[in-house]
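Chemist: what would the 3D arrangement of this be:
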Amino acid sequence: GFIHGFRYTARALFHLLEWRNHGVPWPAVTLPTTQLLSVVVKRLNEGSGFYQMFSVLGDVIIVKDGGSSFVYLEEFPIPLVPLLPQFTGHKAEEVIVIAMEYGKNFSGAGKDTFRSDRATGDADDAHHSNFLHPVFYHYKKLPTEKEMLARPEKWILPRPTHLHHTVEDFLTSFTAPN
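Modeler: Model prediction:
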């Protein structure tokens, strides 16, 4: 994450300690699934914690009641996803984790971050996005700690049931279909 984003990790630590020491669950909203797209688009455009602390904090959607409702938790520490119920006070099995990530080959030794083909605007190529972009990890069952430790190199979470990259947008202006 960015250095000026550590205030969000401090807030996450506060929520973790509130649960551990006082039994106060991680702040969340429960809504019908009909509201999911609106909530996600608003968070992608206005969420600062998972943007500033990309690949460290993510939003977690707990799918409830056979998919008719969801519980939305903002800015949860991604490495703790396998232990979500123990650290939040929220029961969870099926979840969607939304994280902001750079492309796997965005930077590093010998990488030209300004090369002519470094950006994509085509949704079919969203998994090739290099700039910071939303990635959705859907798990039918929470990943285990063992799966977390065995995740692929450069992955922030284990392989999910479904994976969706949203195409990068340099202005971080994400919209929903009309």
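
Chemist: what about Ala10, neighbour count?
Modeler: The local packing count at Ala10 equals 9, with neighbours defined by other Cβ atoms under 10 Å. In short, each C-beta sits where N, CA and C put it, glycine included.

Chemist: where does it land in three-state SS?
Modeler: Taking DSSP: H, G, I helix; E, B strand; the rest coil as the rule, one finds Ala10 in the helix state.

Chemist: which residues of the chain fall in strands?
Modeler: With DSSP state E as the criterion, the chain has strands at 28-32, 57-64, 69-77, 95-101, 133-139, 162-165.

Chemist: the shortest one pairs with which strands, parallel or anti?
Modeler: Each strand paired with strand 162-165, and its direction, by DSSP bridges: strand 133-139 (antiparallel).

Chemist: buried ones in the strand it pairs with?
Modeler: Residues of strand 133-139 classed as buried by neighbour count (16 or more other Cβ atoms under 10 Å): His133, Pro134, Val135, Phe136, Tyr137, Tyr139.

Chemist: how distant is it from the center of its chain?
Modeler: Taking the mean of its C-alpha atoms, strand 133-139 sits 6 Å from the chain's own mean (Cα atoms, centre = their mean, to the nearest Å).

Chemist: one more: stretch 27-39?
Modeler: 15 Å.

Chemist: follow-up on the earlier one: now distance to Phe50 too, for the strands of the chain, in JSON lines please.
Modeler: Listed next are the strands of the chain as JSON lines, based on distance: least, Cβ to Cβ, whole Å:
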{"stretch": "strand 28-32", "distance to Phe50": "15"}
{"stretch": "strand 57-64", "distance to Phe50": "5"}
{"stretch": "strand 69-77", "distance to Phe50": "6"}
{"stretch": "strand 95-101", "distance to Phe50": "5"}
{"stretch": "strand 133-139", "distance to Phe50": "9"}
{"stretch": "strand 162-165", "distance to Phe50": "15"}
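
Chemist: would you convert the ones you listed into JSON lines that also reports distance to Glu145 and mean pLDDT?
Modeler: JSON lines is the format used below for the strands of the chain (distance: least, Cβ to Cβ, whole Å; pLDDT from 0 to 100):
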{"stretch": "strand 28-32", "distance to Glu145": "23", "mean pLDDT": "98"}
{"stretch": "strand 57-64", "distance to Glu145": "16", "mean pLDDT": "98"}
{"stretch": "strand 69-77", "distance to Glu145": "14", "mean pLDDT": "98"}
{"stretch": "strand 95-101", "distance to Glu145": "15", "mean pLDDT": "95"}
{"stretch": "strand 133-139", "distance to Glu145": "14", "mean pLDDT": "93"}
{"stretch": "strand 162-165", "distance to Glu145": "20", "mean pLDDT": "88"}
